[in-house]
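Asks: For reference, the sequence and a predicted model appear below.
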Amino acid sequence: MLAPTPAARVLRFDAYELDLRAGELRKRGVKLRLQGQPLQLLAILLQSAGNLVTREELSSQLWPADTFVDFDHSLHNAVGRIREVLGDSAEIPRYIETLPRRGYRFIAPVEEVQAPRISEANGNETREAVAVPPPTARQSKTRAALAVVLLILAATGSAFWLVRAVSRPTNAASPLRSIAVLPLDNLSGDPSQEYFADGMTEQLITDLAKVNALRVISRTSVMRYKGTKKGLPEIAKELNVEAVVEGSVMRSGQRVRITAQLLQAPTDQHLWAESYERDLGDVLRLQSEVAQAIVKQVRAQLTPQQQARFRSAGSVNPDAYEAYLRGRYYLSNQFTMAQPLNMAKSYFEESIRKDPGFALAYSGLADSYVYLAIFRQLSPEGAYRPAKEALRKALELDDSIGEAHDTLGLLSWRSELNWDAAEREFNRAIALAPSYSCAHEDRAVYLSFLGRRAQALAEIAKSSELDPGPSSGMAESAAYYQLRDYQSLVEASRRGVVSSPNEWTEHYNLGVGYEGTGKPLEAISEYQKAIEISNGDQDATASLAHAFAVIGRRAEAQKILHDFDRKSKSGYVSPYMIATIYAGLGDKDRAFEFLEKAYQERSLDISWHLKADVRIDNLRSDPRFQALLRQMGFPQ
């Protein structure tokens with residue numbers, strides 16, 4: 001039997017293990033993203049557990065005497081990064097205690113674990129733990145220095161490379177043009193505060209999206225990496241970005257702290273890290289500071305207008321901001337469903353009551369009203385006026401909100417039938433926030449509505465760069481619908497169903513594609529799934545009735561029609577949807593009667609569907625249809 005090789009040392013505390021040979025920090029076996037200088041510092045502190053490690057000792061061990069570096073800044077950043085990964089706090093430390101002007105001490109129990117050793121006789125792994133006795137100061141220094149050497153050699157294979165990495169400037173050597181902000185970790189210890197961390201992530205993305213020189217990945221695409229175990233290079237490759245921001249949010253009473261770090265994504269190279277802390281009322285300024293710091297580090301150029309907008313960040317009532325984040329959480333996560341939309345609307349209204357001068361709350365409220373109308377949870381009359389008033393107030397307070405201009409573009413198109421104003425507002429939204437993916441998606445669908453196919457598909461490609469996730473996929477399906485390209489609609493919607501099987505609009509769009517390509521039975525199956533998931537959306541239900549009528553199941557189509565009539569006595573039912581069922585049943589007179597009602601109430605459905613809807617194809621040759629197009633001023 002061969003003698004076993006010497007075991008590598010592993011230091012364990014709580015659920016964490018630091019493998020000195022591999023240069024890895026793991027939590028319950030999962031490798032954590034900690035490397036370079038912060039990892040070296042943690043090794044020093046662990047091997048001196050219970051004892052003060054002075055700033056002088058850290059300086060001599062981490063930086064050779066001839067290395068020029070901003071020691072205070074670098075040490076502060078390294079400690080902050082360790083605390084972020086461990087979920088630790090400087091105010092109430094569990095692991096690293098700060099002794100002001102003296103140094104740091106690791107205060108949790110540490111044990112030394114022998115890494116697994118394999119005996120050639122039986123192949124069994126053995127592991128044994130021994131308590132680490134408190135070392136003397138000299139032992140601390142010697143042991144920590146040895147650990148540093150091991151880590152340097154293991155992690156990089158070259159001590160010279162690491163010294164250069166530590167001492168080089170913190171910002172990128174050349175401009176970085178694409179970036180993703182990963183979901184900020186919630187370090188409050190309270191799972192109910194997830195909405196707060198998610199909201200801060202979204203706002204940071206929104207601020208960065210205003211920078212022309214940067215391509216910033218959308219919120220919907222980065223949120224799928226929340227809690228992921230994937231490494232940064234893999235995430236960067238999937239999102240096609242050069243840099244990644246990750247960090248954490250800690251809220252304690254009326255204080256908020258954001259810790260952020262910037263990494264060059266393909267190599268996982270640390271470029272910059274910093275912590276920011278403010279009162280909750282100054283959170284808008286805090287977010288602006290973080291965004292500006294990131295912009296500086298990636299060397300992106302700001303126009304004078306963009307610089308002015310960053311500087312203009314004001315204060316906000318803390319309770320109003322909290323209500324706003326709750327509203328944005330519901331709006332961002334389920335904007336196609338009635339209950340989340342109504343919850344969002346209530347929170348935005350609460351935010352405005354608490355701070356009538358908070359522009360973003362008005363913009364959010366307008367979005368809630370518009371989507372409630374788009375998905376027929378409110379009548380056009382009940383949604384249009386409050387949405388328009390909220391947008392007026394938002395832009396009166398702050399005309400630079402790209403989201404508000406995007407929503408104004410939707411209203412100009414869908415309700416006011418003002419085609420020039422719609423395009424102008426979409427363009428304005430993109431000019432103010434070049435990486436705001438929703439504006440690119442809305443503009444793409446609008447261009448397809450106008451029949452400008454090449455421009456529409458180019459805009460879809462742009463939105464896909466910003467949002468490789470489900471949202472841009474839904475926009476692609478919508479664009480093919482407006483272009484009446486049903487085969488492409490089927491292909492796009494199939495991809496959407498695979499990626500988001502519980503999103504009812506993808507099943508609905510797939511059903512439309514099937515019906516448009518002459519496959520009514522397949523269409524019926526998808527419409528039924530859409531109805532079930534959406535809890536009875538009127539558009540999906542009317543499409544099912546039309547498909548039933550097409551294949552001769554008239555009784556089932558008429559039953560849905562009667563259900564619509566009954567529901568209209570106590571709530572809003574879109575007259576346009578009723579018109580499509582009459583068209584399927586061949587009753588053209590009643591179909592045109594309800595189309596006229598839809599026009600008179602400025603239905604958001606008639607402006608969306610009239611040019612593309614396969615359900616009313618049997619009406620298009622009727623002179624009354626052409627007269628309606630002229631009456632509405634539809635672009636030809």
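Replies: Cool, the structure landed.
Asks: can you give me the helices in the stretch 101-250 of the chain?
Replies: Secondary structure of the stretch 101-250 of the chain (DSSP state H, counting those that start in this stretch): helices located at 137-156, 159-167, 194-208, 219-222, 232-239.
Asks: Lowest average pLDDT across the ones you listed?
Replies: Mean pLDDT is lowest for helix 159-167 among the helices of the stretch 101-250 of the chain, at a mean of 32.
Asks: what about the protein, any weak spots by pLDDT?
Replies: Judged against pLDDT under 70, the low-scoring parts of the chain cover residues 1-8, 63-73, 114-173, 636.
Asks: so how far is Asn333 from the most centrally placed residue in the chain?
Replies: Centrality entry for the chain: nearest residue to the mean C-alpha point is Arg219, 1.7 Å, by C-alpha atoms, centre = their mean. Taking C-beta to C-beta, to the nearest Å as the criterion, Arg219 is separated from Asn333 by 10 Å. C-betas here are computed from N, CA, C, even on glycine.
Asks: now Leu447
Replies: Per C-beta to C-beta, Leu447 is found 28 Å from Asn333.
Asks: Looking at the two, which is more packed in?
Replies: Set Leu447 next to Asn333 and count neighbours by other C-beta atoms under 10 Å: Leu447 wins out with 23 against 15.
Asks: give me the element the more buried one is part of.
Replies: When secondary structure is defined using DSSP states H and E, the element that contains Leu447 is helix 437-449.
Asks: helices and strands around that helix, which ones?
Replies: helix 402-414, helix 419-432, helix 453-466, helix 470-482 (3 or more C-beta pairs under 8 Å, 6 or more residues apart in numbering; DSSP states H and E).
Asks: Need the residues that contact the first one.
Replies: Outside of helix 402-414, the residues within contact range by C-beta atoms under 8 Å, 6 or more residues apart in numbering are 206, 209-210, 359, 362-363, 366-367, 370, 374, 384, 387-388, 391, 394-395, 418-419, 421-426, 428-430, 432-433, 436, 438-439, 442-443, 446, 449, 604, 607-608.
Asks: Which among those count as buried?
Replies: The neighbour count (16 or more other C-beta atoms under 10 Å) marks 206, 209-210, 359, 362-363, 366-367, 370, 374, 384, 387-388, 391, 394-395, 419, 422-423, 425-426, 428-430, 432-433, 436, 438-439, 442-443, 446, 449, 604, 607-608 as buried among the contacts of helix 402-414.
Asks: And stretch 212-231, end to end?
Replies: By C-alpha to C-alpha, to the nearest Å, the extent of stretch 212-231 from end to end equals 28 Å.
Asks: buried set for stretch 285-300?
Replies: Neighbour-count burial for stretch 285-300, counted by 16+ other C-beta under 10 Å, picks out 285-295, 297-298, 300.
Asks: what residues are up against Ile96?
Replies: By C-beta under 8 Å, 6+ apart, the contact list for Ile96 reads 45, 79, 82-83, 86, 88, 90, 104-107.
Asks: again, but for Leu52
Replies: 99, 102-105.
Asks: let's see it at 7 Å
Replies: Going by C-beta atoms under 7 Å, 6 or more residues apart in numbering, Leu52 touches 99, 102-103, 105.
Asks: Which two among the residues you listed are spaced furthest apart?
Replies: Looking at those by C-beta to C-beta, the two members farthest from one another are Arg102 and Arg105, with 9.1 Å of separation.
Asks: Looking at these two, which is more packed in?
Replies: Relative neighbour count places Arg105 above the other of Arg102 and Arg105, with 18 against 12, counting by other C-beta under 10 Å.
Asks: can I assume that one is in contact with Thr98?
Replies: No. Judged on C-beta atoms under 7 Å, Arg105 makes no contact with Thr98 at a distance of 8.4 Å.
Asks: check contacts around the nearest residue to Thr201 once chain neighbours are set aside.
Replies: Excluding the flanking residues, the one nearest Thr201 by C-beta to C-beta, 6 or more residues apart in numbering is Leu184, at 4.7 Å. Taking C-beta under 7 Å, 6+ apart as the definition of contact, the neighbours of Leu184 are 197, 200-201, 247-249.
Asks: Just give me the neighbour total for Glu97.
Replies: 16.
Asks: Am I right that it falls within a helix?
Replies: No. Applying DSSP: H, G, I helix; E, B strand; the rest coil, one finds Glu97 to be strand, outside a helix.
Asks: contacting residues around it?
Replies: Residues touching Glu97, when contacts are defined by C-beta under 7 Å, 6+ apart, comprise 104-105, 107.
Asks: same question, Ser332
Replies: If a contact means C-beta under 7 Å, 6+ apart, then Ser332 has 202, 219 as its contacts.
Asks: Tell me the buried residues in whichever strand or helix holds it?
Replies: Element membership for Ser332, per DSSP H and E: helix 318-333. Burial within helix 318-333, assessed by neighbour count using 16+ other C-beta under 10 Å, is assigned to 318-332.
Asks: State the phi and psi torsions of Ile107.
Replies: Backbone dihedrals for Ile107, given as degrees, to the nearest 10, come out at phi -110, psi -10.
Asks: do you know how far it is from Gly80?
Replies: Look at Ile107 and Gly80: by C-beta to C-beta, they are 17 Å apart.
Asks: For these two, work out which one has more neighbours and name it.
Replies: Regarding Ile107 and Gly80, a neighbour count based on other C-beta under 10 Å identifies Gly80 as having more, with 22 against 15.
Asks: Quick check: the more buried one touching Tyr276?
Replies: No. Taking C-beta under 7 Å as the definition, Gly80 is not a contact partner of Tyr276, at 10.7 Å.
Asks: contacts for stretch 389-396?
Replies: With C-beta under 7 Å, 6+ apart as the test, stretch 389-396 has contacts from 359, 362-363, 365-366, 369, 401, 404, 407-408.
Asks: now do 8 Å
Replies: Identification of contacts with stretch 389-396 by C-beta under 8 Å, 6+ apart yields 359-360, 362-363, 365-366, 369, 401, 404-405, 407-408, 411.
Asks: How about stretch 592-606?
Replies: Residues outside stretch 592-606 that contact it (C-beta under 8 Å, 6+ apart): 373-374, 376, 379-381, 384, 414-417, 539, 574-579, 582, 616, 619, 622, 624-625, 628, 631-632.
Asks: make it 6 Å
Replies: Residues outside stretch 592-606 that contact it (C-beta atoms under 6 Å, 6 or more residues apart in numbering) are 373-374, 380, 414-415, 574-576, 578-579, 624.
Asks: Between those, which sits nearest Leu483?
Replies: Set against Leu483, the nearest of those by C-beta to C-beta is Arg414 (17.8 Å).
Asks: what about that closest one, how many residues close to it?
Replies: Using other C-beta under 10 Å, Arg414 has 23 other residues around it.
Asks: For it, give its distance to Arg566.
Replies: Here Arg414 is placed at a distance of 27 Å from Arg566 (C-beta to C-beta).
Asks: what's the answer for Ala78, then?
Replies: Ala78 sits 67 Å away from Arg566, going by C-beta to C-beta.
Asks: Who has more neighbours out of those two?
Replies: More crowded of Ala78 and Arg566, by other C-beta under 10 Å: Ala78, with 23 against 10.
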